[in-house]
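Asks: Below are the sequence and a predicted model; questions follow.
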Amino acid sequence: LASEIRGDADKFMDAWYSDQELFATFRRSPRFGHFLRHRQCVHVPDGLSRAIAGLSVGRMHPLWDAMRDASKDFPSMLVLAGAEDPKYVAISKRLEEAARGWQSVRRETIQGAGHVLHLECPEAIVHLLSNFVNCSRGK
């Protein structure tokens with residue numbers, strides 16, 4: 001993967017977003033073309049390669065204990081998932097169930113969004129985050 005990125009980052013980006021079903025809803029978004037052109041302009045192939053290798057979900061350590069510890073400082077949690085991303089909808093439900101014992105949890109599923117819901121439906125995300133922050137502050 002790293003050698004593909006370093007060889008031709010633009011070609012890699014095109015393939016990355018077009019070959020994975022994970023991004024199907026995003027590819028249909030009117031924002032997709034602009035996003036891809038922007039990413040191709042700002043990404044440095046070596047940095048992109050390191051980011052994909054180092055930030056892969058498969059390389060992450062489980063964060064359940066850290067989440068429980070953080071609940072002392074952050075007693076409320078907002079969990080978001082795109083309705084068209086069944087894997088993350090299931091994870092969001094599991095997260096909600098696990099956190100209920102130590103945090104106030106609000107889970108939202110964004111209709112019409114998939115894996116990159118923050119790019120597919122940014123207005124909905126801003127609205128949900130604003131409401132969550134305001135409610136958490138008691139406003």
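Replies: Received, thanks.

Asks: and the residue nearest the centre of the chain, what are its phi and psi?
Replies: Nearest to the geometric centre of the chain sits Val116, at 5.4 Å (Cα atoms, centre = their mean). Val116 adopts backbone torsions of phi -110, psi 60, taken as degrees, to the nearest 10.

Asks: Let me see the confidence value for it.
Replies: Per-residue pLDDT puts Val116 at 90.

Asks: Quick one: residues contacting it.
Replies: Taking Cβ atoms under 8 Å, 6 or more residues apart in numbering as the criterion, Val116 is in contact with 23, 26, 82. For every residue, glycine as well, the C-beta is placed using N, CA and C.

Asks: Leu95 now?
Replies: 79, 105, 107.

Asks: how about the strands in this protein?
Replies: 76-82, 104-110 (DSSP state E).

Asks: who's in contact with the last one?
Replies: Going back to what we said before, that points to strand 104-110. 75-83, 89, 92-93, 95-96, 99, 117, 120-121, 124-125, 128, 132.

Asks: One more: the first one?
Replies: Identification of contacts with strand 76-82 by Cβ under 8 Å, 6+ apart yields 25, 67, 71, 88-89, 91-92, 95-96, 99, 103-110, 112-117, 120-121, 125, 128-129, 132, 135-136.
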